[in-house]
Structures are given as structure tokens and as C-alpha cells.
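# Give the three-dimensional model of this entry:
(chains A and B)
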Amino acid sequence: MAETAAEKAERPGTAWRSYGAKHRSTRTLRLRTSAALVALTVLAVLVVPPLVQLDQQAVDLAAKLRPPSPEHPFGTDDVGRDLLLRCVYGLRVSLLVGVAAALTATVVGTAVGAAAGALGGWVDRAVMRVVDAFSSVPHLLLGIFIVAMFRPGVWPVVVSVALTHWLSTARIVRAEVLSLRSRPFIDAAVSGGASRWRVAVRHLLPGVLPQAALAAVLMVPHAMWHESALSFLGLGLPTHMASLGNLIQSARGSLLAGQWWPTLFPGLFIIVPTLAVAGLAGAWRERINPRRRSELML
Amino acid sequence: MSPLPWGAMARLAGRRALFAVPVVLVVTFGVFAIAAASPFDPVKAYAGTAALGADQETLDRLRDNLGVDQSFVVRWWHWLTDALTGDLGHSGVMRQPVAQVIGERLVWSALLCAVAFAVAVAVGTLLGVLAARRPGSMLDRAVTSLAYCLEAAPVFWIALLAVWLFALQWDVLPAGGLTDTASERVTAGQVASHIVLPAGVLAVSQLPWFTLYVRQGVGDALAEDPVRGARARGIGEGTVLLGHALRSGLLPVLTLIGSRVPELITGALLVESVFSWPGIAAATVEAATAVDFPLLAALTTLATAAVLVGNLLADLLYGLFDPRVKLSEM
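Below is the predicted model of the structure:
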């Protein structure tokens, strides 16, 4: 007896392969939500500080440690500063550091990966061995080491995040270059008399840039996380540049006194952009490769 | 199951150990190079506040004793040869030899990580199987969303909220440390009650990854022919799920366990420092704050070694549990 498609989908197990229109709509919803949240984050970071003429450092001791209320949606901290404003400014700092670190890491990773892939031979082997070796050190630990040696500050943090994150980009770019090298158009360029440099810059680099750019975007939440962790440990940004990690660190005293809001909200400001970027990247990957559904994207 | 191929396992371990030597050399060399490039001054670090009042002659003598003027390559080589004899230098911040610091604290970190990992594996398997059983169901969506949210949440933030909830609001668990402050001896009961929160938070931070992979593995296995065949033979749903799908779905996950060591170390770093757990990771943070180079260098090397051991473990498990892979060919 023939089974209808609907009956087939009802059976547990087989339903896995037969996602229907319902699931396509949740996927679209996820994509739209992620895009909206990313846009909101960028807007909040770019637009709020110049538009809203409010001082995030404005101290109001009479209103210290107020729980969330209509006047202060996120409550106030231990010297009466508005936490919503503090969080937006903290996100701004964290995002800037994250973007700077991700850009640096991508430039370094692309340069190293492209050089290794294009030059090949012993250079490639040596470089990739070094990349492998440094991938064996836990990122945060290496980051802590670098920041400790160079004393905490904005640049040491950016450098420490960048130096621990370029390794994966280098691997991606190298693999991409290796696969491009065997394509006919590269052979054509070489037989046309193009120099090594020209082949690398004009023919190989444009081919790897999309992958590198995707890696860079995915790296930003990672870099933000890394910066927050360093700042939380007291090894990150100086306290006057309050990043989200600094906010959580400075809220520890209030937390032990029972006030949860100065800790909760900065954390949410880390989670939401991370999820939004992961959702966007997931949608992007599904478009490129629809068969690799529901993979880890964080 | 056939007896374990000890010979092949030992040979694989030996090969990996040979590969590990250059990795450790490169990493330690890099650590010394970074230190040499930084403005860090070993003399001031060694002398501490005493350096402020000391005259130049004393400082010069100290500089000479510490061998600061030698190039970092020479210092690296001295450090390496000393390390081979078990002398890792002296930790300024702990006022102990580095080897002793590590020896005293390693056991607590290992205990914390082991408990957390065991919990994460058990709970992750359970949640993953439940979610994979009916893909797209409410339970599946709830588990998946929760996993993504937890994966995005910073572990120190979860730790702080856990302290607030369990230690302050409900007052059911201690907020930190290894024992109560009044207690003079470390007893098993004290440690057991103090480990619940840190291990729980560390487990929660490892949980999402595990849950999502189990869900994926079991979900894929449920759609494969052996499972369909088992269902066609009329085998019960429970047996199909646990005996067929879980067994083949868990395989890729089990072999990846070893490669989770870096994340575990990162999590432990943050969790231990929130809960003042006297482990090796908390010592790293203290060493970094005080710029204690000998301790930092040793701990970085130790972490690298742990990661390499984790990778070896992953390879061994892979070879043991996947009949398609031969240990001798890895």
C-alpha cells in the first residue's frame, strides 16, 4: 500500500529529511530576526551616542542601585549611572575593539595563508607547522599571556585577540588558495607571463576574499567575547573605557549585595549580537550549501 | 569487543609524542620571544617594590644574576634544559617554586574539570537524544534554542548569575572557595558541597556543544538504513533509539571529546577565578595580574601539553571505536 507524503513525514526519524514549508518559514524568520538584531546593534552603537546628548558617566548618588523602572529601563549602577546608557556605550567599546581585532587578525591571517599557499614548498610546510603549534595553546591563555606581558590597555587587547585568532583565517585562506592554484585561469595567467606577485594579488587574492570576509564577520563576536573575558579578569581595557566586560567586572560588588541587574544586562548585550551574527552566518551557509543544515555556527 | 590493540595504541602515542616535541619547542620559543618584545623587565619583576629604593649597583648585580642581558634565545634554552630536570623556576607571586605551585593546584583543577565534563557528557547525551527523537518538535526547538543561547553566553556571566541565584537568593550552595572559611581542614564533604556550583557552571558551558552534536549525530543516524531496517523488523522504539541510533550517532562525538580540552581550559580559567577555586587556572590569572613570567611560561606550556594529550586521546578513541580506521595508519 502506497504511503502518502504526509504520512511519511509523520513517522519519527524520516521527518528529519522532509522539512516542509513550515520550516522554511522559521528559517526566513530566523534570518530576518538576525538581520534586524544586527542592524539594531550597529544603529545603537553608531547613532545613539551622537544623537542622545546624555552623559553615560553622569553620577546620581541619590538614585544608586535602582532596580529597572520606566525611568531607567535597566536600572542604575552603584553610583547611580543609567545602565541602559552604560550598556550601549559598553557595546560600542566592545564592538570597536572586536572589529579592530577581527580586521587585524583577518589581514594577518590572509597574508600568511595566501603567502603559504602561493609559495608552497618548505615555506608552506614551515608556516603551517607554526600555525598548528600555536593552535595548540588555548586562545584565552595565550591572550592572557600577551596582555600580561604588555600591560593591559586598548592596543595590547586588540593585539592579543588578533594574535590568537588569525590562525584559523590563515588555514581557510591557504586551503582556498591551494584549490584556486590548480584552476585553468591561474595557468593561463602564468603562461601569459604574469609575475608571481601579480598572480597572487590580481588572481588569487580576489578569489579568497569572500571566504576571508565571512571569517572576519564571524570573528567579531568571538573577539568581543575574548575582550570581555580579558576585561572581566581585570586584564583588559582600562576601567575608564567601560566595555561590557568591565561593566560585568565592576558589577561584582553589587551582585554580592544582591543586585542582579548591573550584571544581567551587559551579559545580554554580549549574547544578542553573538546570536544575531551566528544566525546570519547560518542563513548564509545554508544558501551556499543547503545540504549542511543545522550545523554549529557559533 | 576484541581485545584492545595495545601495541598499535602505544605506537600511535609514540609517534604523536615525537610530533609534540617540535610543537612544545615552537610554543615555548614563541612565549620567550613575546616576553622579549614586551616592555616587561625581569629585574623589576623580581625585586618588586624593593627596586624603587635600590641603588643602581644592586640592580646591575641582579640583572647580571638573572641573565637579563643575554638574548632571549639563550634564556629560552636555559629554561628548557632546566625544565627537563624538573626546575621550572621560582614564582614570585606565589613565593614558591613553580613546580610546587603546579603540583599543589593541578589536582583541584583536574577534579573540577573531570566532574564538569562528566556532567556535561551525561546531560548533553540525554538532551541531545530527546531533541533528536522528534526533530522540529517543541522539545527539540527548546533544547536547540537553549543550547545556542548558552553557547553565546559568556561563562563568567553565567557563573555570576549562578552565584546570585544559588548562593545569595536561595542560600543553598556556597559562593566560592574550596572549604568554608571557618574550616581548617579540607574534608571530602566540604569539597563536595563547594564543587557543585563551579562544576555545574563549567558543565553548562560545555553542554551546548555536546547536546547539539549528539542531536545531529542521532538525528542523522535515525534517517539511515540500519535504523529503518530495525524499525521494519518491528524492534521497539526505545531499542532503536538507544541501541541503534545512539550507538552510531555518539561515535563521532566521543572521538571529538579529546579535542575539547582548549575550551575546557578556557572555561576553567574563568570559572575558577569567579569561584576562587584554588586550581591551576586561577593561578594563571593571578600570575598574569602580577606579571609572574616563570609561572606564566610554565602554565602556558602545561596547557599546550594538555591540549596535545587531548588530541592524542581523540585519535586513540577514533581508532578504537571506528572500525573503518586503522590505528597503524594514523
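# other SSEs contacting the lengthiest helix in chain A?
The helix that spans the most residues within chain A, counting by DSSP state H, is helix A:83-119. Packing partners of helix A:83-119 (3 or more CB pairs under 8 Å, 6 or more residues apart in numbering or on different chains; DSSP states H and E): helix A:21-51, helix A:121-135, helix A:154-181, helix A:205-232, helix A:244-250, helix A:261-288. The way it works is simple: take the backbone N, C-alpha and C, and place the C-beta from them, glycine included.
# now do 10 Å
When contacts are defined as 3 or more CB pairs under 10 Å, 6 or more residues apart in numbering or on different chains; DSSP states H and E, helix A:83-119 packs onto helix A:21-51, helix A:121-135, helix A:154-181, helix A:196-198, helix A:205-232, helix A:244-250, helix A:261-288.
# Out of the ones you listed, which is closest to B:Ala35?
Closest to B:Ala35 of the helices and strands packed on helix A:83-119, according to CB to CB: helix A:154-181, at 13.4 Å.
# which residues are in contact with the helix or strand following that closest one?
Downstream of helix A:154-181, the next assigned helix or strand under DSSP states H and E is helix A:184-191. Helix A:184-191 is contacted by residues A:118, A:177, A:180-181, A:183, A:194-196, A:198-199, A:202-204, A:207 when judged by CB atoms under 10 Å, 6 or more residues apart in numbering or on different chains.
# And helix A:184-191, what's buried?
For helix A:184-191, the neighbour count (16 or more other CB atoms under 10 Å in any protein chain shown) marks A:186, A:189 as buried.
# follow-up on the earlier one: using JSON lines, lay out the helices and strands packed on helix A:83-119 together with mean pLDDT, mean neighbour count and distance to B:Asp225.
Listed next are these as JSON lines, based on pLDDT from 0 to 100; neighbours: other CB atoms under 10 Å in any protein chain shown; distance: least, CB to CB, whole Å:
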{"stretch": "helix A:21-51", "mean pLDDT": "78", "mean neighbour count": "13", "distance to B:Asp225": "24"}
{"stretch": "helix A:121-135", "mean pLDDT": "89", "mean neighbour count": "16", "distance to B:Asp225": "37"}
{"stretch": "helix A:154-181", "mean pLDDT": "90", "mean neighbour count": "22", "distance to B:Asp225": "33"}
{"stretch": "helix A:196-198", "mean pLDDT": "84", "mean neighbour count": "11", "distance to B:Asp225": "51"}
{"stretch": "helix A:205-232", "mean pLDDT": "90", "mean neighbour count": "22", "distance to B:Asp225": "35"}
{"stretch": "helix A:244-250", "mean pLDDT": "90", "mean neighbour count": "26", "distance to B:Asp225": "49"}
{"stretch": "helix A:261-288", "mean pLDDT": "86", "mean neighbour count": "20", "distance to B:Asp225": "26"}
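# Which among the ones you listed is found nearest to B:Val172?
Among the helices and strands packed on helix A:83-119, helix A:261-288 sits nearest to B:Val172 (CB to CB), with 19.4 Å.
# Report whether that closest one contacts chain B.
Yes - if you take CB under 10 Å from any CB of the partner chain as the test, helix A:261-288 does meet chain B, through A:263-264, A:266-268, A:270-279, A:282.
# ok, the closest residue to A:Arg86 other than its chain neighbours - contacts?
The shortest distance from A:Arg86 to any non-neighbouring residue, by CB to CB, 6 or more residues apart in numbering or on different chains, is to A:Gln56 (5.4 Å). The contact partners of A:Gln56, by CB under 10 Å, 6+ apart, come to A:48-49, A:81-90, A:92, A:242.
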